[in-house]
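>>> Sequence plus the predicted model coming up.
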Amino acid sequence: MAPRATAANGAGDHGGSNGVVVAGPPVANGNGKHRATAGRRVKVNPSDKYWTPVDEKEAAAAVEDGGEDGRRPLLFRTFKVEAILLLPYRLLTLIRLVAIILFFIWRIRHPYADAMWLWWISMVGDLWFGLSWLLNQVAKLNPIKRVPDLALLKQQFDLPDGNSNLPRLDVFINTVDPINEPMIYTMNSILSILAADYPVDRHATYLSDDGGSIIHYEGLLETAKFAELWVPFCRKHCIEPRAPESYFSVKNRPYTGNAPDEFIDDQSIVSREYDEFKVRLDALFTKIPQRSDAYDHAEDQEGAKATWMADGTQWPGTWFEPTEQHKKGQHAGIVKVMLNQPSNEPEVGLPANADYPLDFSGVDVRLPMLVYISREKSPKYDHQKKAGAMNVQLRVSALLTNAPFIINFDGDHYVNNSQAFRAAMCFMLDRRDGDNTAFVQFPQRFDDVDPTDRYCNHNRIFFDATLLGLNGLQGPSYVGTGCMFRRIALYGADPPRLRPNDDKIVGNSNKFGNSVPFINSIPSAANQEWSMTSPPALDESVMSELASVMKCAYEDGTEWGKEVGWVYDIATEDVVTGFRVHRTGWRSMYCRMEPDAFRGTAPINLTERLYQILRWSGGSLDMCVSHYPLFASRRLQFMQRIAYTNMTAYPTSSIFLLFYFLFPIIWIFRGEFYIQKPFPTYVLYLVILIAMTELIGMVEIKWAGLTLLDLIRNEQFYIIGATAVYPLAVWHIVLKLILRGKGVSFKLTAKQATSATTEKFAELYEVQWAPLLIPTIVVIAVNVGAIGTAIGRAVVGGWSALQMVGASLGLVFNVWVLLLIYPFALGIMGRWSKRPYILFIFFVVAFILVAVVYVAIHALRTGVFRFHSGQSGGVSFPTSWGF
């Protein structure tokens with residue numbers, strides 16, 4: 001049954017959550033206002049046909065009361081999976097659980113094997129696989145989808161005069177290196193945020209440059225100038241997406257604006273200006289050093305060459321030629337307001353003229369506030385990387401705009417749907433549980449990923465199935481970029497339902513540091529209807545206070561990085577910060593939109609992708625052993641504890657998976673060998689359990705709106721991770737806990753290059769050899785050797801029918817392993833992977849070579865070469881697969 005509820009979509013068709021429901025669309029016009037469309041219609045995406053509304057009565061009652069007595073309307077609709085899919089999904093889960101229990105009862109009653117120590121290892125491994133499968137599955141038994149109603153949000157908060165009562169919003173962007181993180185990505189992110197469909201005077205953007213680079217600062221100056229053209233152009237013509245690099249990369253898009261006659265000429269002008277803007281950004285890398293050399297020569301300065309700003313003053317951050325107080329890890333704090341807070345009233349642009357070729361006479365040309373931040377750095381302190389930078393942003397923004405809500409972005413992510421900020425507000429401002437919602441998490445989507453998603457960058461099983469499951473509990477986990485937070489939740493405050501009065505928000509003020517203005521700003525941040533008229537003037541006292549909260553020593557003796565702000569001393573600061581917020585009693589929401597709310601870049605190179613997975617898995621295990629999710633506060637729901645335990649303990653499965661994948665080594669040299677007898681019954685259980693796993697997965701992708709390829713890629717890259725990086729993550733924890741070391745040093749993921757080559761997906765075909773590739777290569781070699789050895793034994797030795805069946809099952813296992821590791825094998829082939837059939841030819845040749853070598857060795861040992869077809873003692877590989 002198709003959902004009958006309605007929800008808004010914003011400009012064009014941009015706000016309906018994944019197409020479940022679309023209201024009669026309000027279409028954005030040039031100045032940010034909307035023209036209503038007649039009637040409301042329902043539009044159902046085929047991928048959402050299995051979802052049905054559950055809050056129709058409540059929504060109808062909300063319409064009747066009309067928001068009287070100060071009650072806010074229902075700003076989102078709730079959907080659940082229809083019984084036709086949900087009941088079979090739960091039933092299959094129950095049946096498989098019963099099958100697992102019966103399997104272990106049978107194994108305990110039959111402790112027979114050729115080596116009992118291997119039997120015990122496989123028993124413990126299978127038990128862990130069964131437990132981890134159960135932990136993963138129970139969190140998805142009640143998936144919930146919530147759809148924002150953007151039309152109703154507009155109706156309730158936007159005013160007829162063009163102003164709005166929506167809460168203030170601070171946007172955080174983080175970057176470090178303009179080379180490793182190409183600056184064009186960061187500046188596109190800023191442009192898309194400045195152009196977002198949110199009240200101009202009610203959101204501010206803060207760029208944190210953790211490298212203190214003048215390249216980023218002057219790049220931001222250039223971006224602010226280009227934004228004067230780009231942002232009004234987006235408003236006038238309802239441009240989507242509002243990141244120019246992404247917009248101009250697609251030639252044909254439907255037009256949804258109000259000035260079609262002017263669009264072609266306007267777009268041509270803006271495209272030309274954007275190309276010139278990119279040239280100016282690239283020129284900064286040569287322009288600034290040349291300018292600095294000229295100033296140094298004029299000043300006749302001895303010693304280290306300084307880096308100079310355009311106004312003739314020395315750059316307080318990192319210099320091109322590093323020196324004391326001016327190098328990465330050691331420089332002063334910097335705060336620069338690039339765009340001032342705009343006025344509260346719309347400012348209409350000018351008609352086209354000789355100096356200004358675009359007609360913005362009917363368009364609001366105001367730009368949101370834009371601030372550059374680079375915190376103080378000192379070699380005496382551990383600066384805690386991204387978490388430390390965001391905590392400084394939290395304090396600086398509190399002194400300037402102090403918005404009740406915050407949304408954070410990585411430097412390579414941009415706003416793909418201009419209505420995204422409004423969509424998140426639908427959850428924060430809803431009257432049901434909005435006040436107790438700490439954050440709204442959007443799924444991560446990526447551009448420039450190869451069409452088959454070889455390395456599972458989109459990770460859709462997690463984002464589109466697991467997070468929907470968590471949405472039915474206490475809410476999705478915080479997974480980094482694209483998440484809107486309630487500021488007060490980051491300060492460690494309790495949710496309103498557990499907080500009798502606001503007097504206890506601050507509590508012990510010492511945990512926040514010694515900045516009185518910052519501490520005084522906290523109660524205001526708890527009021528989502530509070531709106532600062534204008535940020536304070538940047539006089540000497542304000543600048544002094546800003547410098548104070550950016551100092552390295554500010555957090556000494558405080559709770560920053562522990563109970564306040566983003567959490568420190570862990571590689572996955574996002575997950576553990578969300579965990580701490582949930583543990584306090586807050587809930588979270590998941591929001592999926594069509595088109596996607598945000599998009600970014602992802603590593604399509606195998607080695608870089610594995611480094612990324614290593615950092616995530618190592619940080620997850622670190623959280624598991626340091627925060628004990630299963631034994632968290634009672635404010636964290638029991639099922640949420642189960643979910644967090646599964647999300648953080650999963651790398652430990654790799655130990656047992658490696659045991660199974662490398663087990664063929666034993667029977668390659670020894671021959672027939674069983675870790676469980678009777679073998680036929682053992683195999684029957686495994687076949688049933690594996691088949692049920694796949695069947696459950698098929699039902700899951702049906703209600704999640706995914707494809708079979710998504711499921712396959714998820715399974716493949718889990719196995720690749722389990723052989724290549726998860727064991728290293730486990731070793732990281734061993735070093736930290738047992739040996740009291742610092743663990744493994746995690747490498748930051750390099751971003752895709754923008755102009756190194758014209759070949760599309762060039763990095764997909766590059767091979768970056770690294771030690772973490774070796775374990776998976778060994779697994780491939782062992783299983784190829786097992787298949788070749790089996791072929792050789794079939795040639796030289798006679799097998800009974802039962803032995804032939806056993807050997808065939810062993811070969812099925814080996815082939816299955818190779819199919820699961822197939823993307824990895826393509827990755828280490830480099831450019832040869834453009835022709836995948838070469839890999840299959842290679843495997844066949846390898847099988848034959850190993851078989852020939854085996855036959856030759858057998859002939860040398862026995863002194864005779866024989867073919868056998870009768871009874872001669874067979875080879876059988878006991879398959880043992882986990883759950």
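Received it, and whenever you're ready, just let me know what you need.
>>> Could you report the neighbour count for residue 347?
As a burial measure, residue 347 scores 13 neighbours (other Cβ atoms under 10 Å). (Each C-beta comes from the backbone N, C-alpha and C, glycine too.)
>>> C-terminal to the helix ranked longest in the chain, what's the next element?
Criterion DSSP state H: the longest helix present in the chain is helix 260-299. Going down the chain from helix 260-299, the next helix or strand is strand 326-327, by DSSP states H and E.
>>> and that following strand, how far from the chain's centre?
32 Å (Cα atoms, centre = their mean, to the nearest Å).
>>> same question for that strand, mean pLDDT?
The average pLDDT within strand 326-327 is 92.
>>> Then stretch 134-142?
In the prediction, stretch 134-142 has an average pLDDT of 94.
>>> So what would you say the end-to-end distance of that stretch is?
End-to-end span of stretch 134-142 (Cα to Cα, to the nearest Å): 14 Å.
>>> May I see the buried residues of that stretch?
The neighbour-count check on stretch 134-142 (16 or more other Cβ atoms under 10 Å) flags 134, 135, 136, 137, 138, 139, 140, 142 as buried.
>>> So residue 447 versus residue 604, what's the distance?
Using Cβ to Cβ, to the nearest Å, residue 447 is found at 11 Å from residue 604.
>>> more crowded one of the two?
Counted by other Cβ under 10 Å, residue 447 and residue 604 do not tie: residue 604 has more neighbours, with 23 against 19.
>>> Apart from its neighbours in sequence, what residue is nearest the more buried one?
In space, and not counting its chain neighbours, residue 604 is closest to residue 764: 4.8 Å by Cβ to Cβ, 6 or more residues apart in numbering.
>>> what sits against the one you found?
450, 454, 604, 605, 833 (Cβ atoms under 8 Å, 6 or more residues apart in numbering).
>>> Check the separation of the first and last residues in stretch 372-389.
Using Cα to Cα, the end-to-end distance of stretch 372-389 comes out at 12 Å.
>>> Could I get the average pLDDT for that stretch?
Here stretch 372-389 scores 94 as its mean pLDDT.
>>> Distance from the chain centre to it, please.
Stretch 372-389 has its C-alpha centroid displaced from the chain centroid by 23 Å (Cα atoms, centre = their mean).
>>> now stretch 260-268
Stretch 260-268 has its C-alpha centroid displaced from the chain centroid by 36 Å (Cα atoms, centre = their mean).
>>> if we can go back for a sec, what's the offset of the longest helix of the chain from the middle of its chain?
How far helix 260-299 lies from its chain's middle: 32 Å, per Cα atoms, centre = their mean.
>>> Please name every helix or strand in contact with that helix.
Packing partners of helix 260-299 (3 or more Cβ pairs under 8 Å, 6 or more residues apart in numbering; DSSP states H and E): helix 183-194, helix 214-237, helix 244-249.
>>> now the strands for the stretch 51-200 of the chain?
51-53, 76-81, 144-148, 169-175 (DSSP state E, counting those that start in this stretch).
>>> need those strands in CSV with distance to residue 684 and mean neighbour count, can you?
Formatted as CSV, the strands of the stretch 51-200 of the chain follow (distance: least, Cβ to Cβ, whole Å; neighbours: other Cβ atoms under 10 Å):
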stretch, distance to residue 684, mean neighbour count
strand 51-53, 37, 23
strand 76-81, 32, 22
strand 144-148, 37, 26
strand 169-175, 53, 25
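>>> Residue 464: which of the ones you listed is closest?
Closest to residue 464 of those, according to Cβ to Cβ: strand 144-148, at 10.1 Å.
>>> can you give me how far whichever strand or helix holds residue 390 is from the chain middle?
Assigned by DSSP H and E, residue 390 belongs to helix 385-400. Averaging C-alpha positions (Cα atoms, centre = their mean) puts helix 385-400 21 Å from its chain's average.
>>> on that earlier part again, check the helices and strands packed on helix 260-299 for me and report the most buried one.
Counting by mean count of other Cβ atoms under 10 Å, helix 183-194 has the highest mean neighbour count of those, with a mean of 26.
>>> tell me the angle that one makes with strand 169-175.
Counting by axes from the mean of the first three to the mean of the last three Cα atoms, to 10 degrees, helix 183-194 lies at 180 degrees to strand 169-175.
>>> Which other helices and strands does helix 183-194 contact?
Going by 3+ Cβ pairs under 8 Å, 6+ apart, helix 183-194 lies up against strand 169-175, strand 203-209, helix 214-237, helix 244-249, helix 260-299, strand 414-415.
>>> on that earlier part again, which other helices and strands does whichever helix or strand comes after the helix holding residue 390 contact?
For helix 385-400, the succeeding helix or strand toward the C-terminus, using DSSP H and E, is strand 405-410. Packing contacts for strand 405-410, counted by 3+ Cβ pairs under 8 Å, 6+ apart, involve strand 169-175, helix 385-400, helix 420-428, strand 483-486, helix 487-490.
>>> about what we covered before: let me have the strands of the stretch 51-200 of the chain in a markdown table, extended by distance to residue 422.
Converted to a markdown table, these look like this (distance: least, Cβ to Cβ, whole Å):
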| stretch | distance to residue 422 |
| --- | --- |
| strand 51-53 | 21 |
| strand 76-81 | 12 |
| strand 144-148 | 8 |
| strand 169-175 | 10 |
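>>> which one of these lies closest to residue 116?
Distance to residue 116, taken as Cβ to Cβ, is lowest for strand 76-81 among the strands of the stretch 51-200 of the chain, at 45.3 Å.
>>> The closest one pairs with which strands, parallel or anti?
Counting by DSSP bridges, the strands paired with strand 76-81 are strand 51-53 (antiparallel), strand 144-148 (antiparallel).
>>> now stretch 622-636: mean pLDDT?
91.
>>> ditto for stretch 453-473
Averaging pLDDT along stretch 453-473 yields 95.
>>> Would you indicate which residues of it are buried?
Buried-residue list, stretch 453-473, by 16+ other Cβ under 10 Å: 453-473.
>>> and the end-to-end length of that stretch?
Start-to-end span of stretch 453-473 (Cα to Cα) is 30 Å.
>>> Also stretch 406-414?
15 Å.
>>> How about stretch 825-833?
Stretch 825-833: ends 9 Å apart by Cα to Cα.
>>> I'd like the distance from that stretch to the chain centre, please.
The answer for stretch 825-833 is 26 Å, by Cα atoms, centre = their mean.
>>> And for that stretch, what's in contact with it?
454-455, 606, 764-767, 773, 777, 780, 818, 836, 838-839.
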